[in-house]
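*Asks:* sequence unknown, structure follows:
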RNA sequence: GCGCCCGUAGCUCAACUGGAUAGAGCGUUGGCCUCCGGAGCCAAAGGUUAUGGGUUCAACUCCCGUCGGGCGCACCA
């Protein structure tokens, strides 16, 4: 259990002991106990619960806070519990508690991992780019976010499979093949075909264009450290008859109707804003019908939860797909859709249009080539998915050697260097860490930031917002750099104290490496 | 026209989903290596959180309006 949870439960226990009328007791019991992180000067944890209960209990928040503190169990964990102005309750960890938790971190190489209340099986689908060209920066954003989300969910104790849906059938693929045939025979590219320099390879490249692009996309994803558990092909749905079976199932269960020669799926009762066509008047199945069959397949596999990462250009799909999953799973599976806003490309402030048709496309490969995988992963994964990202190539290139990711990596390399130095001096890492030995400027912050790591993981798993990882990590790096400036870790004159510092160094280094790993960024020993 | 998302320091982004004096990186200005890595640290400048109302002990966060930007609104894929 995390420290935050411990505190939350202690507060709950204290609230239960308040002398209240039965109806008030019920209200208090229903009220969540929130614990948050205050500014360092106030302490390590804080709770606004007394202020929140002031209205319900019709009492002065400071008075409530006093009573809560009076009945609080587990006081030995806290060096100080203060009540401040409106009614905040602030908690400062005791040295003994810091010692205990840091020792736990040192004994736990997987520190950060959390244990879920329920071990859910999750299918996470992302990227799913059409195999009609190379991946662009937008795909890179979904890859960075999706891959990190998968790692974070696993750290949070969920069973996660990742999947890339390959649209290898349908009209666009037919257009692609026509285009390739034209290029190979030296004819003009047909109406609605694919233009652009990246198509010219088919003058000499003789393979199937779908396989060619898919292989290229996989190679690009590998460069940014993203591998999928499964590539699921649309054609397999057609071959297995899954599309027809799914439509038949919907018919049998009364979810469809015919109108004007088309077959409609009644999605509006399940949150969609209009019903959708499955089979068109000309007898052709819609793209949506195929997509439903795909999600029927996911449901059939029995996941507790489906998560899809969609670009904002597909957000209109949310309602109908959610309705489909509800119907197909008969309410048993839940579909979460993470909408990621698009990436706008700029070069020196000038917008760069991205289109596979015009060919003015900046590929993910090129960007990775320019700024490297680490910087790309960090940059694309550190912003909130819901916020549009403006990516300036010239800026990214300029910051090549002065990028936020290096700030964090440098912290790691610096600690590696400290440990090397200690090795040369023959100073051993203390076997039994004692926080009191390393007390001083920023030491408390450093310890607490490490202790919070699993709390961050839990928070991200709940919100599906992984950008917090980069924020928290750069916070840790900042504290470390400041701490480094104030303390001398390796001092041959005081081997005992140095050993204690080294234990802290090992803990910080371990946690930074783990967090960078979740981000898909390397943790260098030297830079 | 309707719907979803966004608007925070000069630039790129945070702010724990309603908490305390809105924070980082880049850029700018001025300091800091006889000493474990100066890819770092310290200090300064920079904000009426697009804008006008509302809700409350408390609003960047919630509600309504306005302005600006992105994306959707097919018997397309």
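*Replies:* That came through fine. Every value quoted in this text rests on a predicted model; they were computed, and no experiment measured them.
*Asks:* correct me, but residue A:212 touches residue A:199?
*Replies:* No - here residue A:212 does not reach residue A:199: they are 10.7 Å apart, not a contact under C-beta atoms under 8 Å. Backbone N, C-alpha and C define where each C-beta goes, glycine included.
*Asks:* more neighbours, the two?
*Replies:* Remark: of residue A:212 and residue A:199, residue A:199 carries more neighbours, 22 against 16, as counted by other C-beta atoms under 10 Å.
*Asks:* OK, contacts around that one?
*Replies:* A:179-180, A:183, A:189, A:359 (C-beta atoms under 8 Å, 6 or more residues apart in numbering).
*Asks:* state the helix or strand in which residue A:274 lies.
*Replies:* For residue A:274, there is no host helix or strand (DSSP states H and E).
*Asks:* what's the neighbour count on the closest residue to residue A:109 other than its chain neighbours?
*Replies:* Distance criterion C-beta to C-beta, 6 or more residues apart in numbering; nearest residue to residue A:109, sequence neighbours excluded, is residue A:510 at 6.8 Å. Residue A:510 sits with 21 neighbouring residues when counted by other C-beta under 10 Å.
*Asks:* how much space separates residue A:510 from residue A:52?
*Replies:* Separation of residue A:510 from residue A:52 (C-beta to C-beta, to the nearest Å): 37 Å.
*Asks:* follow-up on the earlier one: just the buried members of the contacts of residue A:199?
*Replies:* Buried by 16 or more other C-beta atoms under 10 Å: A:179-180, A:183, A:189, out of those.
*Asks:* helix/strand/coil for the nearest residue to residue A:456 once chain neighbours are set aside?
*Replies:* Spatial nearest neighbour of residue A:456, chain neighbours left out: residue A:472 (5.0 Å); criterion: C-beta to C-beta, 6+ apart. Residue A:472 falls in the helix class when you classify it by DSSP: H, G, I helix; E, B strand; the rest coil.
*Asks:* contacting residues around residue A:472?
*Replies:* A:449, A:452-453, A:456, A:515.
*Asks:* could those residues go into JSON lines alongside pLDDT, neighbour count and secondary structure?
*Replies:* Shown next, in JSON lines, are those (pLDDT from 0 to 100; neighbours: other C-beta atoms under 10 Å; DSSP: H, G, I helix; E, B strand; the rest coil):
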{"residue": "A:449", "pLDDT": "96", "neighbour count": "24", "secondary structure": "helix"}
{"residue": "A:452", "pLDDT": "96", "neighbour count": "21", "secondary structure": "coil"}
{"residue": "A:453", "pLDDT": "96", "neighbour count": "24", "secondary structure": "helix"}
{"residue": "A:456", "pLDDT": "95", "neighbour count": "26", "secondary structure": "helix"}
{"residue": "A:515", "pLDDT": "97", "neighbour count": "24", "secondary structure": "helix"}
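*Asks:* domains of chain A?
*Replies:* If you go by automatic domain parsing, the domain ranges for chain A are A:3-93, A:99-115+A:403-519, A:126-237+A:341-401.
*Asks:* tabulate the ones you listed (CSV), appending distance to RNA strand B.
*Replies:* Shown next, in CSV, are these (distance: least, C-beta to the nearest atom of the strand, whole Å):
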stretch, distance to RNA strand B
domain A:3-93, 3
domain A:99-115+A:403-519, 3
domain A:126-237+A:341-401, 3
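*Asks:* select from those domains the stretch with the lowest mean pLDDT.
*Replies:* Lowest mean pLDDT within the domains of chain A: domain A:126-237+A:341-401, at a mean of 89.
*Asks:* please flag which of the contacts of residue A:199 sit within helices.
*Replies:* Of the positions in these, A:179-180, A:183 sit in helices, assigned by DSSP state H.
*Asks:* sorry, back to before: tell me if the residue nearest to residue A:109 really is in a helix.
*Replies:* Yes - the assignment for residue A:510 (three-state DSSP) places it in a helix.
*Asks:* what's in contact with the helix or strand hosting residue A:244?
*Replies:* Take DSSP H and E as the rule and residue A:244 turns out to sit in helix A:242-252. With C-beta under 8 Å, 6+ apart as the test, helix A:242-252 has contacts from A:236-237, A:256, A:263, A:265, A:278-279, A:285, A:289-290, A:292-294, A:296-297, A:327-328.
*Asks:* how about stretch A:91-110?
*Replies:* The contact list for stretch A:91-110 (C-beta under 8 Å, 6+ apart) reads A:3, A:7, A:43-47, A:76-82, A:111, A:155, A:432-436, A:439, A:444, A:447-448, A:450-451, A:503-504, A:506-507, A:510-511, A:514.
*Asks:* and the strand or helix carrying residue A:96, what's buried?
*Replies:* Element membership for residue A:96, per DSSP H and E: helix A:95-107. Going by neighbour count (16+ other C-beta under 10 Å), the buried part of helix A:95-107 is A:95, A:97-99, A:101-103, A:105-106.
*Asks:* list only buried entries from the contacts of helix A:242-252.
*Replies:* Looks like these have A:237, A:256, A:263, A:265, A:278-279, A:285, A:289-290, A:292-294, A:296-297, A:327-328 buried, using 16+ other C-beta under 10 Å.
*Asks:* farthest-separated two in those residues?
*Replies:* Farthest-apart pair in the buried ones among the contacts of helix A:242-252 is A:263 and A:297; separation 20.1 Å (C-beta to C-beta).
*Asks:* which residues in the stretch 51-200 of chain A form strands?
*Replies:* Remark: strands assigned in the stretch 51-200 of chain A by DSSP state E, counting those that start in this stretch are A:78-84, A:88-93, A:121-125, A:159-166.
*Asks:* with mean neighbour count added, can I get the ones you listed in CSV?
*Replies:* Converted to CSV, those look like this (neighbours: other C-beta atoms under 10 Å):
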stretch, mean neighbour count
strand A:78-84, 16
strand A:88-93, 22
strand A:121-125, 21
strand A:159-166, 20
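*Asks:* output those in TSV, with distance to residue A:352 appended to each entry.
*Replies:* Listed next are the strands of the stretch 51-200 of chain A as TSV, based on distance: least, C-beta to C-beta, whole Å:
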stretch	distance to residue A:352
strand A:78-84	50
strand A:88-93	48
strand A:121-125	28
strand A:159-166	26
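*Asks:* re earlier: helices - which of the buried ones among the contacts of helix A:242-252 land there?
*Replies:* Using DSSP H, those in helices are A:237, A:289-290, A:292-294, A:296-297, A:327-328.
*Asks:* among those, which one lies nearest to residue A:375?
*Replies:* Using C-beta to C-beta, those come closest to residue A:375 at residue A:294, 34.2 Å.
*Asks:* re earlier: buried only: go through the contacts of stretch A:91-110 for me.
*Replies:* Looks like those have A:3, A:7, A:43-47, A:77-79, A:81, A:111, A:155, A:433-435, A:444, A:447-448, A:450-451, A:503-504, A:506-507, A:510-511, A:514 buried, using 16+ other C-beta under 10 Å.
*Asks:* tell me which of those fall in helices.
*Replies:* A:3, A:7, A:155, A:444, A:447-448, A:450-451, A:503-504, A:506-507, A:510-511, A:514.
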